[in-house]
Each structure stands twice: as structure tokens, then as C-alpha cells.
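# Sequence plus the predicted model coming up.
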Amino acid sequence: MADKGQPARTAADGALTVDELAERVGMTVRNIREWRTLGLLPLAEMRGRVGYYQPDVVDRVERIKRLHNEGFTLELIGRMLDAGDEVMRLAETLREPFRAGGGTDEQATKNRIAEIAASLQELGLSIDDFLDATVKVRAHTEQIAAIFEQVWLDSVWQPFIDAGMPESELPRIQETAAKVKPLALDAVIALFASAMDAQIESGIARELGRLDDRGG
């Protein structure tokens, strides 16, 4: 028998008591029980006077935590759980197409930036200045991603939720998620190219004006 005050031993099949589950996922026992009351977690299997959760409940809790941290309410998560694993998987990947760097290997992105910096250095631009600029640009790309994400949520995801998350709509939702990122990227590139051209033209005109003032 375990000493008083010591945690109970995990069952031979890996099942966890509520205390062990809470410790494993970094939550309080009270929150675990609250989620169970809301129907987000299955009832514990009673073995004698002790309730045990199967190990796969850990993955379920982690999935719920990720979605809750992303801004999904517990009520909405409960509805998605009722709708099935496919809806849950879709929700878990919902925001990735819009985040700066979402779906892109971070090291690959750094390598590409280094290649661009080297090419710009050959053109006479300062690598340090360019890298400083990328830090500033990254902050703006996060904002741009958030804008497109909101468009997605308002135009595609929310109507899907309001309709009761019909299973027949899942293929369309998945297809839209796959296509939106490249289209959003094309839009950003087109807008940036136009803005860059205008900036260069105004910059050249400004510098020519300064030269004329000096000459005068």
C-alpha cells in the first residue's frame, strides 16, 4: 500500500488516476473534473473506489488545450468533439495556412533569407541592414496573416459552425483551407510589388529634388 500523501501507482495497463492525469497534462484536478462535467472528457473507469482514465485521454486533453489556447471556447470544442475526429483535426490545422511561416520549415526559411542576403550583398546592400529589416517585416507579416485568418473565420469557418458543422461540407472546407494560403500569398506579393514600385519612384524623385536644391 502506498504511503499516505504519496500518489497512487499507475495501473499496469497505463491507466491514470485523475491526479496522475492532471500532473501529466499540467492542469489542476479541478479543471480536469470541470472538463469532464462539460462532456469534454469521458467518465473515469471505476476500479474499486478509484477512477482511472485510459492513456489516450492525455492526447485528447492536449488537443483540447491547443484549441482552447487558440481561442476556441470550451462549448465550441465540445460541439466539435461531438461532430467527430475529422472536424477536430480540421480545427487543429485551421489557422496554420495563415500564420507567417505556417507549414514552412523554420530552418528552410532562415536558409532562404541568408541566400537573399548574400545576393543583396553582391548588389552592394548591407547584410546587417537587410537582416534588421527582416525583423521589422516579420512583425508586419504576422499582422497580415491575422487579417487573412479573420477573413477565413468570418467567411468560411463561422458559417460552417452556424450550419451545425454538416459532414457533407467537410470536403469543401478542407479544399478551401488548402487553396487560401497560396491565393493570399499571391495577393500579398502583388500588393507589395506595387507598393515597392511606388516607394522606389517616390524615393528617386525625392533624391533628385534634393540634388536640384543643392545645385540651385
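Sure, I can see it. Only a predicted model underlies this, so the values are computations on that prediction, with no experimental measurement involved.
# quick one: the residue lying closest to G39 once chain neighbours are set aside and S126, what's the gap?
Using Cβ to Cβ, 6 or more residues apart in numbering and skipping the chain neighbours, the partner closest in space to G39 is G78 (5.6 Å). No exception for glycine: its C-beta is placed from N, CA and C like everyone else's. G78 is 54 Å from S126, where distance means Cβ to Cβ, to the nearest Å.
# between the two, which one's more packed in?
Between G78 and S126, counting by other Cβ atoms under 10 Å, G78 is the more crowded of the two (16 against 12).
# was I right about that one contacting L38?
Yes. Contact criterion Cβ atoms under 8 Å: G78 and L38 qualify, at 6.0 Å.
# May I have the distance across stretch 147-166, first residue to last?
By Cα to Cα, to the nearest Å, the extent of stretch 147-166 from end to end equals 26 Å.
# okay, now the domains of this structure?
7-92, 97-216 (automatic domain parsing).
# Of those domains, which stretch is the most buried?
domain 7-92 (a mean of 15; mean count of other Cβ atoms under 10 Å).
# Quick one: residues contacting A163.
E169 (Cβ atoms under 8 Å, 6 or more residues apart in numbering).
# What score does it have for pLDDT?
Note on A163: pLDDT of 83.
# Renumber starting at 4 from here on
Understood, numbering begins at 4; the last thing we discussed is A166.
# next one: phi and psi at it?
Dihedral pair for A166: phi -80, psi 0, per degrees, to the nearest 10.
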